[in-house]
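K.L.:
turn this into a model:
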Amino acid sequence: MHEKSLKTAKGWLSFPYDKITQEKVKSLIEKGGEELIDSFYKELDFGTGGMRGIMGVGPNRINKYTIGRATQGLASTLVDLYKYQDISVAIAYDCRNNSNKLALSVAEVLTANGIKAYLFNSLRPTPELSFAVRELGCKGGVVITASHNPKEYNGFKVYGADGCQITSPFDTELIEKVRALSINDVNFNANKALIFGLGEEMDKTYLARLKTLSLSPESIKEQEDLPIVFTGIHGTGVVMVPKALEVFGFKNVTTVASQDVIDGSFPTVYSPNPEESSALEQAILLAKEKGAELVMGTDPDADRVGIAIPSPEGEYVLLNGNQTGSLLVNYLILRWAELGKIKGKEFVAKTIVTTDLIDKLAAAKKVSVYNTLTGFKHIGAIIKKLEGKKNFIGGGEESYGYLAGDFVRDKDAVMSCALIAEMVAWAKCSGKTLFNLMEEMYIEHGFYLEDLISITKQGRLGQEEISKKMTDLRNNPPKKIAGEDVLSVIDYLDSEKTGLPKSNVLQFITKKGTKITARPSGTEPKIKYYFSVQTHLNSKSEYLKTKKRLTKKIAKIQLEMNLNV
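P.N.:
Coordinates of the predicted model:
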């Protein structure tokens, strides 16, 4: 393995690689060790949505050359599909180190291949890119982002003409093109006359469209001074979320000044992931000072949002992605019903690892539910498939990503922040808090509690370990979970039984509805275990006791599974 890596590394010591790259490679060779091996032992995987990895030199890292090769593959695929008929691609990037330079490299390679590039003039949220693709009639889109990954990461995410992350057959054609290319096939000779800037005009159009999703403008008018604290955690959220809240009518929004600073090193947080409780610590401190009734924080590319709300005991509590998603879908369905918008052709969509409470909420109002594989592109694909036949109310995934309407085709935290704030205002007009709404939802439809354990295994050896964990679980599935008989085992590699594309996911469901899911991440060096338990909630006074009982049940399951975190 070392000899192979060394041979590959030596190939990076000459043209077309630039002098700075060559010097960095030379240094790695001199140092040797696992970093050299991991950087050069293979090519960075180009998956169905693009690629993501640690920044650095080598074919297994994100850099100008791996991004250039991916872009050349995209250019060749688009040319084959559209035969040079007015092909254009929109490009956005987030706050990460090198994102702006890598985005420019994408524009340069595309224009070198005769493709018009619409490049945002500064960082923008990923969902605005999805919107821009559709608004401009582009044949594709690219975002340079690693979403909520650690600061060492960056990535290349590809969108189709529908504004959705690419799906079959486009994705397989693109993957084949990229894998067939060598670095010498990449055309870096930009045609700068084909690069066009995007900025404030697109922002205004996007915000105006977001405003059309408002379902309770009268509630916002009554509660326009609702105290809200927001943080973009050094990322793109600060560019658009405060503007979206203002457009909706909120006038008392405070941002976390230290985290308004755009910085790809994320200096004030351990992780820029709103799924991590520590990411919202500064926002919650500010909320206590301001008496805020809602705290929201978005990840670096603003497609995910985490929230905190005051509990009846007066403490701020963080909601997980399933709780926020359930509340938001419940609000959307209730308001659609109250406004007479449900006609029998409405639907919501969610992923297979997202709470089944959403299925119950939809069934209560005779709204269809579509369950998809993990990854928002599958929800986008359902929206496209049903376009003109059914109306998409909203939906999302447990990993803090939500969407309403159909003019954006990816999870949208800008939109979600505005709608969540509206939901809080709507509740307050009835003398309720968001926490009260959650209690009422559980009393009516069942108390669902979910948890997630995510185990990171870096590098080549880590990938092997993750693969072994899935093999062992597949060969030796549990017969009982927390004393409950396992009623069904769903292996998503069997597409005939699931009706979905093949995916390396295992699900175990008991007679009482307890559900365990195991899934290697498609974008990170992780294996994820999802836990879902449920019971009845008889009254608000029993909320804490019931939650404690369900929390203990999840802990027992995790102990039984001996996950070796």
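
K.L.:
Ile183 contacts Arg69, correct?
P.N.:
Yes: taking CB atoms under 8 Å as the definition, Ile183 is a contact partner of Arg69 at 6.3 Å. For every residue, glycine as well, the C-beta is placed using N, CA and C.

K.L.:
who has more neighbours out of these two?
P.N.:
Counting neighbours by other CB atoms under 10 Å for Ile183 and for Arg69 shows that Arg69 has the greater number, 25 against 17.

K.L.:
give the contact list for the more buried one.
P.N.:
For Arg69, the contacting residues are Val178, Leu181, Ile183, Asp185, Val186, by CB atoms under 8 Å, 6 or more residues apart in numbering.

K.L.:
out of the residues you listed, which are buried?
P.N.:
Applying 16 or more other CB atoms under 10 Å to the contacts of Arg69, the neighbour count classes Val178, Ile183, Val186 as buried.

K.L.:
next SSE downstream of the helix or strand in which Asp80 is found?
P.N.:
In this structure, Asp80 sits in helix 64-82 according to DSSP states H and E. On the C-terminal side of helix 64-82, the closest following helix or strand by DSSP H and E is strand 88-93.

K.L.:
who does that next one pair up with?
P.N.:
Neighbouring strands of strand 88-93 in its sheet, by DSSP bridges, are strand 116-120 (parallel), strand 140-144 (parallel).

K.L.:
other residues contacting the first one?
P.N.:
It stands for strand 116-120. Contacts with strand 116-120, where a contact means CB under 8 Å, 6+ apart, come from 86-93, 103-104, 106-107, 110-111, 128-129, 132, 136, 138, 194-199, 202.

K.L.:
following that strand, which helix or strand shows up next?
P.N.:
According to DSSP H and E, the helix or strand after strand 116-120 is helix 126-136.

K.L.:
now the element after the one helix or strand Ala421 maps to, going C-ward?
P.N.:
Applying DSSP H and E as the criterion places Ala421 in helix 413-429. Sequence-wise, the next helix or strand beyond helix 413-429 is helix 434-445, with elements assigned using DSSP H and E.

K.L.:
quick one: buried residues of the worst-scoring helix or strand of the chain on mean pLDDT?
P.N.:
Evaluated with mean pLDDT, DSSP states H and E, the helix-and-strand set of the chain has its lowest mean pLDDT in helix 459-475, which scores a mean of 86. Within helix 459-475, the residues that count as buried by 16+ other CB under 10 Å are Gly459, Gly462, Glu465, Ile466, Lys469, Met470, Leu473.

K.L.:
other SSEs contacting it?
P.N.:
Applying 3 or more CB pairs under 8 Å, 6 or more residues apart in numbering; DSSP states H and E, one finds that helix 459-475 makes contact with helix 34-40, strand 506-510, strand 515-520, strand 526-535.

K.L.:
nearest to Ser416, of those?
P.N.:
Using CB to CB as the criterion, the shortest distance between Ser416 and the helices and strands packed on helix 459-475 is 21.0 Å, found for strand 526-535.

K.L.:
taking helix 459-475 as reference, get the angle to that closest one.
P.N.:
Computed with axes from the mean of the first three to the mean of the last three CA atoms, to 10 degrees, the direction of strand 526-535 lies at 40 degrees from that of helix 459-475.

K.L.:
hmm, Gln72 is touching Asn189, no?
P.N.:
No: because the distance of 11.8 Å does not satisfy CB under 8 Å, Gln72 is recorded as not touching Asn189.

K.L.:
ok, Gly47 to Val178 distance?
P.N.:
Here the distance between Gly47 and Val178 works out to 10 Å (CB to CB, to the nearest Å).

K.L.:
now do Ile37
P.N.:
The spacing between Ile37 and Val178, counted by CB to CB, is 23 Å.

K.L.:
ok, the closest residue to Pro16 other than its chain neighbours - contacts?
P.N.:
In space, and not counting its chain neighbours, Pro16 is closest to Ile183: 5.9 Å by CB to CB, 6 or more residues apart in numbering. Remark: with contacts taken as CB under 8 Å, 6+ apart, Ile183 is in contact with Pro16, Tyr17, Tyr65, Gly68, Arg69.

K.L.:
tell me the contacts of the residue lying closest to the fourth one once chain neighbours are set aside?
P.N.:
The one in question is Gly68. With sequence-adjacent residues excluded and distances taken as CB to CB, 6+ apart, Gly68 is closest to Val186, at 4.6 Å. Residues in contact with Val186, defined by CB under 8 Å, 6+ apart, are Pro16, Tyr65, Gly68, Arg69, Thr71, Gln72, Val109.

K.L.:
ok, now with 7 Å
P.N.:
By CB atoms under 7 Å, 6 or more residues apart in numbering, Val186 lies in contact with Gly68, Arg69, Gln72, Val109.

K.L.:
thinking again about what came up before, just flag the most distant two among the contacts of Ile183.
P.N.:
In the contacts of Ile183, the most distant members under the criterion CB to CB are Tyr17 and Arg69, with 12.3 Å between them.

K.L.:
okay, the nearest residue to Pro242 once chain neighbours are set aside and Met415: tell me how far apart.
P.N.:
Excluding its sequence neighbours, the residue lying closest to Pro242 (CB to CB, 6+ apart) is Val253, at 5.6 Å. Applying CB to CB, the value for Val253 to Met415 is 16 Å.

K.L.:
same thing with Arg335?
P.N.:
Taking CB to CB, one finds Arg335 at 15 Å from Met415.

K.L.:
again, but for Val486
P.N.:
Distance from Val486 to Met415, counting by CB to CB: 39 Å.

K.L.:
between the two, which has more neighbouring residues?
P.N.:
Neighbours per residue (other CB under 10 Å) separate Val486 from Met415, with Met415 holding more: 29 against 16.

K.L.:
out of the contacts of Arg69, who's nearest Leu327?
P.N.:
Of all the contacts of Arg69, Val178 has the smallest distance to Leu327: 40.2 Å, by CB to CB.

K.L.:
that closest one - that's part of a helix, no?
P.N.:
Yes: note on Val178: a helix contains this position according to DSSP: H, G, I helix; E, B strand; the rest coil.

K.L.:
residue contacts, the residue lying closest to it once chain neighbours are set aside?
P.N.:
Closest residue in space to Val178, ignoring its immediate chain neighbours: Gly73 at 3.4 Å, by CB to CB, 6+ apart. Neighbour list for Gly73: Leu174, Lys177, Val178, Leu181 [criterion: CB under 7 Å, 6+ apart].

K.L.:
contacts only, for the second one.
P.N.:
Taking CB under 7 Å, 6+ apart as the definition of contact, the neighbours of Lys177 are Gly73, Ser76, Thr77.

K.L.:
and it, how far from Ala103?
P.N.:
Remark: distance between Lys177 and Ala103 (CB to CB) = 21 Å.

K.L.:
ditto for the last one
P.N.:
Spatial separation of Leu181 from Ala103 under the definition CB to CB is 20 Å.

K.L.:
same question, Asp203
P.N.:
From Asp203 across to Ala103, the span is 17 Å (CB to CB).

K.L.:
just Gly340 next, same as before
P.N.:
Computed as CB to CB, the Gly340 to Ala103 distance reads 44 Å.

K.L.:
of these two, who's got more company?
P.N.:
The residue with more neighbours, out of Gly340 and Ala103 and counting by other CB under 10 Å, is Ala103; that gives 24 against 7.

K.L.:
check contacts around that one.
P.N.:
Contacts of Ala103 were listed using CB under 7 Å, 6+ apart, and they are Ile91, Tyr93, Leu119, Ile144.

K.L.:
what does Leu419 give?
P.N.:
Applying CB under 7 Å, 6+ apart as the definition, the contact partners of Leu419 turn out to be Leu213, Leu328, Ala404.
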